[in-house]
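*Asks:* based on what follows, work out the 3D shape:
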Amino acid sequence: MIVQPGPVLVTAIHAGHTIRKSLRPWLRIEEHARLREEDPLTDFFLPAGDTIFRANRSRFEFDLNRPADKAVTVDPEDTWGLRIWDRELPQTEIDASLALHRQFYTVMAERVEAMIAEHGRILVLDIHSYNHRRDGAAGPSAPQAENPDIDLGATTLNKAVYGDLLDQFARGLRSRPVRGKSPDVQVNVRWDDGGNFPEWLHATYGDAACVITLEYKKIFMDEWGQEADILALQDLREGFQAAVANAREWLAHTEVRT
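*Replies:* Numbering: from 1, shown residues only. As a prediction, the model looks like this:
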């Protein structure tokens, strides 16, 4: 975590790929398949925040966006049919992973509370990515209508309080062309919730924390390979920076009554 003054917290909690050495004897998923289900390069957007956090460990070692009882799982039904761990994964290893999961929430609580105490209200942006070529490298892309370029998860956001901020944020994302055209930005299209992290923030801090989850479709990389489209990434980052600037302006000049 890097801490700087200001009301914007940006996280990339699925950007990591590292699996600790003691777990590797029980790891069953192949390296390339695991990478495909992680969120590589989402940390590219972090510098737009004040406080920034990148998870260096893989989401499959312990998933920070799930509650503790699902954060480490040996059941493929919990991981889209993928077999991540041998069912004989020792409980001692599971407990060690869950200790790190708890540590994240403890550290995050301390930082969020300090930010709220200083600023009164804060913006939390949790950055993720998703695959859209599930039928293989040569297969078709998923339909655009259900798979926007950027899907904003705002299921815990109080639109009566922060609806205009959300609109301003989306406008900023659309303001910078990606590959020559304005990106398709929608709200709450792909998922019914943003995961445990935003739900915990909202349940704990209410409207003092405006939380938006960003799901970037992997138009900035080859999800079946290991190649990134740097120009597309730069375009997307410029849009993200514009969106954050809009949000900062809103926070600085809009009185919120909670």
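
*Asks:* now D235, what are its backbone angles?
*Replies:* Dihedral pair for D235: phi -60, psi -50, per degrees, to the nearest 10.

*Asks:* excluding chain neighbours, what is closest to it?
*Replies:* Counting by CB to CB, 6 or more residues apart in numbering, V178 is the residue found nearest to D235 once chain neighbours are left out, at 4.2 Å. The C-beta positions use only the backbone N, C-alpha and C, and glycine is treated the same way.

*Asks:* quickly list what that neighbour is bridged to.
*Replies:* K181 (DSSP bridges).

*Asks:* burial measure for it, as a count.
*Replies:* Using other CB atoms under 10 Å, V178 has 23 other residues around it.

*Asks:* again, but for A96
*Replies:* By other CB under 10 Å, 16 other residues sit near A96.

*Asks:* quick check: which element contains it?
*Replies:* In this assignment (DSSP states H and E), A96 forms part of helix 91-119.

*Asks:* buried sites along that helix?
*Replies:* Within helix 91-119, the residues that count as buried by 16 or more other CB atoms under 10 Å are 93-94, 96-97, 100-101, 104, 108, 111-112, 115, 119.

*Asks:* what segments of the stretch 151-258 of the chain are helices?
*Replies:* Assigned by DSSP state H, counting those that start in this stretch, the helices in the stretch 151-258 of the chain fall at 159-174, 196-205, 230-253.

*Asks:* any chance of these in JSON lines, with distance to D222 and mean pLDDT too?
*Replies:* JSON lines is the format used below for those (distance: least, CB to CB, whole Å; pLDDT from 0 to 100):
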{"stretch": "helix 159-174", "distance to D222": "23", "mean pLDDT": "97"}
{"stretch": "helix 196-205", "distance to D222": "28", "mean pLDDT": "96"}
{"stretch": "helix 230-253", "distance to D222": "11", "mean pLDDT": "97"}
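
*Asks:* so V189 makes contact with E146?
*Replies:* Yes - V189 is in contact with E146 according to CB atoms under 8 Å; the separation is 6.4 Å.

*Asks:* the two: which is more packed in?
*Replies:* V189 (16 against 11).

*Asks:* list the contacts for the nearest residue to the more buried one once chain neighbours are set aside?
*Replies:* Excluding its sequence neighbours, the residue lying closest to V189 (CB to CB, 6+ apart) is D151, at 4.9 Å. In this structure, D151 makes contact with 130, 185-191, 214-215, 217, judged by CB atoms under 8 Å, 6 or more residues apart in numbering.

*Asks:* low-confidence ranges, the protein, go.
*Replies:* 256-258 (pLDDT under 70).

*Asks:* mind redoing it with 50?
*Replies:* Within the chain, the ranges that satisfy pLDDT under 50 run 258.

*Asks:* buried subset of the contacts of D151?
*Replies:* Taking 16+ other CB under 10 Å as the criterion, what is buried in the contacts of D151 is 130, 185-187, 189, 214-215, 217.

*Asks:* what would those residues look like in CSV with distance to V244?
*Replies:* Output for these, formatted as CSV (distance: CB to CB, whole Å):
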residue, distance to V244
Y130, 21
V185, 14
Q186, 19
V187, 17
V189, 21
L214, 11
E215, 17
K217, 20
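
*Asks:* out of those, which are inside strands?
*Replies:* Under the assignment DSSP state E, these contribute 130, 185-187, 214-215, 217 to strands.

*Asks:* dump these to a markdown table, plus distance to L231.
*Replies:* A markdown table is the format used below for these (distance: CB to CB, whole Å):
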| residue | distance to L231 |
| --- | --- |
| Y130 | 21 |
| V185 | 19 |
| Q186 | 23 |
| V187 | 26 |
| L214 | 19 |
| E215 | 21 |
| K217 | 16 |
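
*Asks:* what is the nearest of the residues you listed to A247?
*Replies:* When those are ranked by distance to A247 (CB to CB), L214 comes first, at 12.0 Å.

*Asks:* distance of that closest one from F62?
*Replies:* 22 Å (CB to CB, to the nearest Å).
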